[in-house]
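K.L.:
Dropping a prediction and its sequence here:
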Amino acid sequence: MKRFAICAAALVAAVALACPAQAKDTIKIGVPGAHTGGLASYGMPTLNAAKIVSEKVNASGGVLGMKIQLLAEDDQCKNDLASNAATKLISEDADVVMGHICSGPTKVALPYYNKEHIILMSPTATTPSLTAAGVNPMFFRTVAKDDAQAALTSKFILESLKSKKIAYVHDNDEYGKGFADGNKDILEKAGVETVLYEAVTPDAVDFSAISRKLRHAKPDVIVFGGYKDLAGKLIKQFRREKVNCPVVGPDGVKDQAILELGAAAENVYCSYPKDTSTLPLFKEAREAHVKQFGSEPGFGYYNAYAAMLALIHGIEKAGSTDTAKIIEVLHNDPVDTPIGSLTFNANGDAAGMGLSIYTVKDGKFVETEFNITLK
Amino acid sequence: MDLQYFIELLFGGLTRGSIYALIALGYTLVYGIIGLINFAHGEIYMVGAFTALLVAGWLGYIGFPAGGILLVAALAAVAWTAAYGFTLEKVAYKPLRSAPRLSPLISAIGMSIFLQNYVLLAQTSDFVPFPDLVPEMPFLASLGDVMGPTDFLILVVSCTTMLVLVFWIRYTRTGKAMRATAQNRKMAMLLGINADSLISVTFIVGSALAALGGVLIASHMGQINFNIGFLAGMKAFTAAVLGGIGSVPGAVVGGLVLGIAESMTTGYLSGNYEDVLSFCLLILILIFRPDGILGKKQVQKV
């Protein structure tokens, strides 16, 4: 027993000695998100982006002479796992955090980082309340929030589709409902009639009842709030039940799952960041991914790439990992990223990126002329 | 009210309900024989859908005639999934047959988690598209608003299957032996019925029905993933309890009542209340008829 106590004491002493020495030669960036589970396809591309950017920076000497160390934490886009991930990252002394991926878990994890004054920058969380004025000074994002998407899509519905009767279908999730409600608020104020507003259970075995209800409601356009899987199933059944009006959705809809519907995918519109594939940084990011992983980048890759660049830029310009100084830089000093030159407004939203309406033509998503630039 | 709309919703509910019924039969058959809720049954349904997907993909690849793909894929799924059901019983339930009643229940939940994660790892976490295998049916054109080709197929196949099952249980030797075992296993064994092989047969039949449901729903929805068995299994279990668990006609009635109730709720109230109302219905029926709609009164043996 006595020997054990001595060992333990020696161990504690060793750890206590080792810790401060280690913290000085690396910058730790936490990368929490869905790395396994049903929504892993949203999280893995962002982890890939983090790896590519950090390896590139480390190869050219690191930041302020320090190497970047990534701390990947899987939250499976689940709220309970997200708080575990946040606690773990804090205990591992993360300097800044790039994540989380889904809006719900981001909301759950945010208070933990706030308490420790750690900057959280999400590449994909789009719930508006995350950047409500003055609420989360330590939160930033390199993606358009849902009401920005809704501002674009509702404008598109009014000016381009000129619809008079709208049906809203959503999945009762923060992301999907947020998008549907955002559109509904704007469109109802503009005097457009709501003929249907419904939530569906994403895992239901069939959607014929809602499809038939829609057919009888005769909307000019359906606003869909939700992710790609539900969108694929719903749109397939809509078209089979002869509900052929345009379907307008958020960026989660722009996915291979929709294209696989074939002819049924015609007349589907969604908002998505403006095509920046002509920017040199974009090409560089894409090539790096193809070279390292042998495939085209997935959902959120470029946003995560941009978030990594913005964080590293912030640390570099601030000259330290001091949170207040980094925030100062993020607000004022533009950084070049694959999705445009970005600064962050007072609430933490990225300014300078564009949003466009995309539609399906000949089995591919194509960008339309309709777009807005975020401020 | 608008009659046309009512009929459309009714048939939508029938389609959904007959899938619930197909899966519910598996719960009810197993419960009838060994008094166990087989919580891995929803996963068996999912395995059926995946088997059909793999076989259909392979048949399409070697250039099998399009019309036959669905039939062959469905048969393969039924056979393969029946083998899963058989193995499941041998591995997870048979060793626990004389254990307290809760042990096989835990084992069932374990198998459910195992199968889900097995498919997740062996296949993918994403939804995968299921090919359009159901041929166009021109004679349905006049009924187009009420029934599409997949709805028609689901109704015909599930009605036929259920009728065959009812006759099989009522008139064949195996069916009679099954009923005898369900009534009193010890007595049936004394009279020379091999209860072990009958239990295996029950699992095989139940899994085959679930696989059929899986194939039908997969071609109806056009997408499957490793998690589709959970909610479908839950709803089918509800349907089995609603109809009276252990009763074969009860499972069918329970499935149809649940399907139609959900369809009507979405149609006349709101999709938000679809699940709420179906479970309220369950509670109400269990308050007034504790053994389900067609269940027989039993003396609780606790």
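P.N.:
Sure thing, it's come through.
K.L.:
Show me which residues of the stretch 101-250 of chain B are close to chain A?
P.N.:
B:125-127, B:129, B:144-145, B:148, B:150-151, B:217, B:220-223, B:225, B:227-228, B:230-232, B:235 (C-beta under 8 Å from any C-beta of the partner chain). Bear in mind the C-beta positions are built from the backbone N, C-alpha and C, glycine included.
K.L.:
and if we set it to 6 Å?
P.N.:
Proximity of the stretch 101-250 of chain B to chain A (C-beta under 6 Å from any C-beta of the partner chain) is limited to residues B:Ser125, B:Asp126, B:Phe127, B:Pro129, B:Gly148, B:Ile217, B:Met221, B:Gly222, B:Gln223, B:Leu231, B:Ala232.
K.L.:
residue contacts, A:Ala209?
P.N.:
B:Leu9, B:Gly12, B:Ser263, B:Thr266, B:Gly267 (C-beta atoms under 6 Å, 6 or more residues apart in numbering or on different chains).
K.L.:
I'd like the distance between A:Val253 and B:Pro135.
P.N.:
A:Val253 sits 30 Å away from B:Pro135, going by C-beta to C-beta, to the nearest Å.
K.L.:
Please disregard the earlier target; I meant A:Glu92.
P.N.:
From A:Glu92 to B:Pro135 the distance is 58 Å (C-beta to C-beta).
K.L.:
repeat for B:Met162
P.N.:
B:Met162 is 23 Å from B:Pro135, by C-beta to C-beta.
K.L.:
Pick out whichever of these two has more residues nearby.
P.N.:
Between B:Met162 and B:Pro135, B:Met162 has the larger neighbour count (other C-beta atoms under 10 Å in any protein chain shown), namely 20 against 11.
K.L.:
how many neighbours does the nearest residue to B:Ile193 once chain neighbours are set aside have?
P.N.:
Counting by C-beta to C-beta, 6 or more residues apart in numbering or on different chains, B:Ala177 is the residue found nearest to B:Ile193 once chain neighbours are left out, at 4.8 Å. B:Ala177 is flanked by 19 other residues according to other C-beta under 10 Å.
K.L.:
Does anything pack onto the helix or strand containing B:Ala177? Which helices or strands?
P.N.:
B:Ala177 belongs to helix B:173-183 when assigned by DSSP states H and E. Contact here means 3 or more C-beta pairs under 6 Å, 6 or more residues apart in numbering or on different chains; DSSP states H and E; on that basis helix B:173-183 packs against helix B:3-34, helix B:195-221.
K.L.:
any chance of the ones you listed in JSON lines, with mean pLDDT and mean neighbour count too?
P.N.:
Converted to JSON lines, the helices and strands packed on helix B:173-183 look like this (pLDDT from 0 to 100; neighbours: other C-beta atoms under 10 Å in any protein chain shown):
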{"stretch": "helix B:3-34", "mean pLDDT": "92", "mean neighbour count": "24"}
{"stretch": "helix B:195-221", "mean pLDDT": "92", "mean neighbour count": "25"}
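K.L.:
how about TSV for those helices, with distance to A:Leu64 added?
P.N.:
Output for the helices and strands packed on helix B:173-183, formatted as TSV (distance: least, C-beta to C-beta, whole Å):
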stretch	distance to A:Leu64
helix B:3-34	60
helix B:195-221	53
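K.L.:
For A:Cys270, give the beta-bridge partners.
P.N.:
A:Gly249, A:Tyr358 (DSSP bridges).
K.L.:
which residues sit in contact with it?
P.N.:
Counted by C-beta under 6 Å, 6+ apart, A:Cys270 has contacts A:Gly249, A:Val253, A:Lys254, A:Tyr358.
K.L.:
anything in the helix or strand harbouring A:Ala180 near chain B?
P.N.:
Assessed by DSSP H and E, A:Ala180 sits inside helix A:174-189. No - for a cut-off given as C-beta under 6 Å from any C-beta, helix A:174-189 has no contacts with chain B; the smallest distance is 10.6 Å.
K.L.:
Contact partners for the closest residue to chain B within the stretch 251-375 of chain A?
P.N.:
With C-beta to the nearest C-beta as the measure, A:Glu260 is the residue of the stretch 251-375 of chain A nearest to chain B, at 4.5 Å. Shown in contact with A:Glu260 (C-beta under 6 Å, 6+ apart): B:Pro129.
K.L.:
and what of B:Ser107?
P.N.:
Here B:Ser107 is in contact with B:Ala92, B:Leu96 (criterion: C-beta under 6 Å, 6+ apart).
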